[in-house]
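# Here is a sequence with its predicted model. Questions after.
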Amino acid sequence: MSGAELARGPRAVARFLNPRSVAIVGISTRAGSAGQVILQCLKVNDFKGDVHLVGRTDEPIDGRKVLKSADELPEGVDLAVFALPAAAVREAVEACARRKVGSALVFAAGFAETGDYATQDAVAATARAAGLAICGPNCLGITNNVEGHFLHMLYARPALRGVEHGVAFVGQSGGLLGHFQRASDGRGVPLSYVISTGNEAGLEGTDFIEFLVEDRSTRVIVAYCEEIRRPQAFLAAIRRARDAGKPVVLMLAGRSQGARKAAQSHTGALIGDYWTMRTQVEDAGAIVVGSMDETMDLVQILQRFPTPPSKGPGIITASGAYVGITNDFAEDVGLELPALDPATLKKIKETLPSYGNYGNPLDTTAGFAPPMLPVVTRAMIDDPNIGMLFVSFPINSPIPVRAFSEGMAHSDKPKVFCALGDTWSLGDEVTKAANESPAVYSRSSDRMMRAVALYTKYGRLLARPRAAGAAAPIAGLPALGKGAQPEWRGKQALAAAGIAVPAGKLARTADEAAAVAREIGFPVVLKAQAAALSHKTEAGGVALNLADEAALRAAWDRMMASVKAAAPDVALDGALVEKMSPRGVELMVGAKRDPGWGTVLLLGLGGIWVEALGDVQLLPSGADASLIRAALGRLRSAKLLAGVRGAPPADVEAVVGVVQAIDRLMQSVPALTEIDVNPLMVHAVGQGATALDALLVAGS
């Protein structure tokens, strides 16, 4: 096995997280220094392995000899912890490499995060060549509650041992992980590992996820990522976690940058790095969250119930107002509230007061009696349409809590219980009853509903059929040159893929243009053609609705003169003469092949509005028809497709076919890096959709 292979992957992580021998490199006699803190960490946790000290003092520390250099270490130490400034790290790494140290924990800041990429890259290269797995630099440490290790540069404390069904936190921010660690402790969520990875010059989040997928003590994985250097390996790790039944909750930095890019005009810019990454990791099986609250609320549910339902929750409350608010809120966060089965409604109506208006959410009314609650709770959670139970109830005694628990205890469906009343103290008896309940307990109904929306979305993702194999090749494709293709050639490729384009041909003279127009019939469109002419309209290269031959010839002359003046260095292929398209809904459909993350598909409101509104949705390659329809439904402009102000409904199924054809085209032609169809004119139901403009870009 090569050094690079030894320096990463699950085996390297295992040696790092559970070392049999540790060297503290850079220890001093100063109380409270990082080296002294690490020594205290080892002592507090009763570390049984060999401990080696490297420092400048001539005096023993804690009864142990202090070596002058890492070159004096015995060969094959499992873990070296660097209590060193940044300037001393490179030399220490070189020495550890010579002594065949297995891994190193590097706290020091002052590398890539301050712009010094050269030193960090040099350190990383030395370590990889020697098989030395580095965690850091610029990290805070690790907690291992499975084997009982805690190594932190700021303080020492005992770790737990033997944690089961735990949550593992891995991330590039030690401060953020500290928040999650304290929040988990406060909620009673068991933690298996907390791993601060810093700049990830060596071991990356991907390596730790690969390890945690196989770790029997970890049930849920949470990762905070600022940079993912090996996208395909990362996606493969997420897929393995999905297949193993281990949820991965992912916080990704960079959303605002993607939002700025979404204001630009073409597919390549609309699909910014963040959105490409998010589309692919969600398709692989991760749950992407946007805030710390979402992370902790979701983790609390997943740790208890790691297998999410694809169906929405049944909700029980005691307020008609809450029913109305919940319906609005559920729509805002994309939470499905299933209709109750008739048998469930019958049981509820037989149990609760006759004057209630019952459904989902269910208002028990103020006239309920405690013995009624177990009956309606059981009816709700046993309903075949219901995926889980969500109780949001005003509580002032343990009696209703126990009643709900009695009604739900028999079911293995996920359960959430929210005690309304904000921060009002419930008392020890109520809190005890809630904590003993089979449900996840919270004081915030809104926060838990957001978490449940993410949770059930994840359930639908897991239940979704996975993409089939490679698409069948497309016959009759034109040869594509490198770079942007002229529109006429791009449309040839679209037509070969089965996408409708306007009737027409490329003309090189006014006489040829007139002949094409007579063949296809007026009115026609005239468009100047050259791969280098990316903005035809601004150069005067587009003429619409030409009604007869005289208008066509006049437009030809004007266009040739205008384009020559605007782009004198561009040699035209000629002009495309096409049949004028009937009106419809203008959409944009496209795709981009990211060199690291792979292909994503895009659809959204098209024409000039794509720049103004950025109303787009991204999809993974291989998206099936149901996924594409759902994406169309999420557009802010989706109502246009249903028909407004007397317009007929648009042919949505034709749009689905175009998206799938573009996906097939990207799969069939690996050289294609981008496809941009804008506008795609979507006609009335049954009349299809036509690609009015097209830009295809091919790489080398």
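Cool, the structure landed. Residues are numbered from 1 along each chain as shown.

# C-alpha only now, for contacts and for neighbours.
Fine.

# What is the distance between stretch 595-606 and the centre of its chain?
14 Å (C-alpha atoms, centre = their mean, to the nearest Å).

# buried ones in it?
597, 598, 599, 600, 601, 602, 603, 604, 605, 606 (16 or more other C-alpha atoms under 10 Å).

# and what of stretch 154-174?
Residues of stretch 154-174 classed as buried: 156-160, 163, 165-174 (neighbour count, 16+ other C-alpha under 10 Å).

# Determine how far the last residue of it lies from the first.
Stretch 154-174 has an end-to-end distance of 11 Å (C-alpha to C-alpha, to the nearest Å).

# So the closest residue to residue 364 other than its chain neighbours versus residue 192, what's the distance?
Distances taken as C-alpha to C-alpha, 6 or more residues apart in numbering put residue 318 closest to residue 364, at 5.0 Å, once the chain neighbours are dropped. Distance, residue 318 to residue 192, using C-alpha to C-alpha: 38 Å.

# again with residue 104
The value you get for residue 104 to residue 192, if C-alpha to C-alpha is used, is 21 Å.

# pLDDT score for residue 263?
Looking at residue 263, its pLDDT stands at 30.

# for residue 256, same thing?
62.

# coming back round to it: of residue 318 and residue 192, who's got more company?
residue 192 (29 against 19; other C-alpha atoms under 10 Å).

# Verify the stated contact: that one with residue 168.
Yes - applying C-alpha atoms under 8 Å as the test, residue 192 and residue 168 come out as touching, 5.3 Å apart.

# who touches both of these two?
Among the neighbours of residue 192, those also in contact with residue 168 (C-alpha atoms under 8 Å, 6 or more residues apart in numbering) are residue 218.

# all strands of the stretch 401-550 of the chain, in order?
415-420, 440-442, 483-484, 504-507, 524-529, 542-546 (DSSP state E, counting those that start in this stretch).

# Check the secondary structure at the closest residue to residue 51 other than its chain neighbours for me.
In space, and not counting its chain neighbours, residue 51 is closest to residue 22: 5.0 Å by C-alpha to C-alpha, 6+ apart. What DSSP: H, G, I helix; E, B strand; the rest coil gives for residue 22 is strand.

# Identify the residues contacting residue 22.
For residue 22, the contact set (C-alpha under 8 Å, 6+ apart) comprises 49, 50, 51, 52, 77, 78, 79, 80, 81.

# Please settle this for me: is residue 676 part of a strand?
Yes - checked against three-state DSSP, residue 676 lies within a strand.

# Look at it and report its pLDDT.
For residue 676, pLDDT reads 95.

# so how far is residue 105 from the residue nearest to residue 51?
For residue 22, the distance to residue 105 (C-alpha to C-alpha) stands at 10 Å.

# who touches both of the two?
79, 80, 81.

# Now the second one: which helix or strand?
Under the criterion of DSSP states H and E, residue 80 resides in strand 79-82.

# contacts for that strand?
Against strand 79-82 from outside (C-alpha under 8 Å, 6+ apart): 15-16, 19, 21-26, 35, 38, 89, 96, 101-108.

# tell me which element residue 233 falls in.
Applying DSSP H and E as the criterion places residue 233 in helix 231-243.

# can you pull out the helices in the stretch 451-600 of the chain?
487-496, 510-520, 549-566 (DSSP state H, counting those that start in this stretch).

# Need the winner for burial among those helices.
helix 487-496 (a mean of 22; mean count of other C-alpha atoms under 10 Å).

# Endpoints of stretch 208-220, how far apart?
Start-to-end, stretch 208-220 (C-alpha to C-alpha) is 13 Å.

# So what's the residue count around residue 479?
Residue 479 has 8 nearby residues by other C-alpha under 10 Å.

# how close does it sit to residue 623?
According to C-alpha to C-alpha, residue 479 stands 27 Å off from residue 623.

# so the closest residue in space to residue 607 that isn't next to it in sequence is in which element?
Nearest residue to residue 607 in three dimensions, chain neighbours excluded: residue 679, at 5.2 Å (C-alpha to C-alpha, 6+ apart). Here residue 679 sits within strand 672-682, counting by DSSP H and E.

# angle of that strand against helix 487-496?
80 degrees (axes from the mean of the first three to the mean of the last three C-alpha atoms, to 10 degrees).

# C-alpha coordinates for stretch 443-458, PDB please?
C-alpha atoms of stretch 443-458 as PDB (Å, rounded to 0.1, in the frame of the first residue of the first chain):
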ATOM      1  CA  ARG A 443     -40.700  23.100  23.500                       C
ATOM      2  CA  SER A 444     -40.800  24.600  20.100                       C
ATOM      3  CA  SER A 445     -43.600  23.500  17.700                       C
ATOM      4  CA  ASP A 446     -42.300  25.700  14.800                       C
ATOM      5  CA  ARG A 447     -38.800  24.400  15.000                       C
ATOM      6  CA  MET A 448     -39.900  20.800  15.200                       C
ATOM      7  CA  MET A 449     -42.200  21.200  12.300                       C
ATOM      8  CA  ARG A 450     -39.300  22.500  10.200                       C
ATOM      9  CA  ALA A 451     -37.300  19.500  11.200                       C
ATOM     10  CA  VAL A 452     -40.200  17.100  10.400                       C
ATOM     11  CA  ALA A 453     -40.500  18.700   7.000                       C
ATOM     12  CA  LEU A 454     -36.800  17.900   6.400                       C
ATOM     13  CA  TYR A 455     -37.200  14.500   7.900                       C
ATOM     14  CA  THR A 456     -40.100  13.400   5.700                       C
ATOM     15  CA  LYS A 457     -38.400  14.900   2.600                       C
ATOM     16  CA  TYR A 458     -35.500  12.600   3.400                       C
END
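
# Check which residues of it are buried.
443-445, 447-458.

# Kindly report the same for stretch 61-80.
61, 66, 67, 68, 69, 70, 71, 73, 77, 78, 79, 80.

# Residue 51 versus the third one, what's the distance?
Spelled out, it's residue 67. 12 Å.

# now swap in the fourth one and tell me
Using C-alpha to C-alpha, we find residue 68 at a distance of 15 Å from residue 51.

# about what we covered before: roughly how far is the strand holding residue 80 from the heart of the chain?
Offset of strand 79-82 from its chain centre (C-alpha atoms, centre = their mean): 33 Å.

# ditto for stretch 536-545
With C-alpha atoms, centre = their mean as the basis, stretch 536-545 stands 40 Å off its chain's centre.

# How is residue 618 assigned, secondary-structure-wise?
For residue 618, the secondary structure call by three-state DSSP comes out as strand.

# Please identify which helix or strand holds residue 339.
Residue 339 is part of no helix or strand, with elements assigned from DSSP H and E.

# Excluding chain neighbours, what is closest to it?
The nearest residue in space to residue 339 (C-alpha to C-alpha, 6+ apart) is residue 360, at 6.3 Å.

# Now do the SS call for the one you found.
Under three-state DSSP, the three-state class of residue 360 is coil.

# you'd agree it is up against residue 315?
Yes - counting by C-alpha under 8 Å, residue 360 touches residue 315, with 6.1 Å between them.
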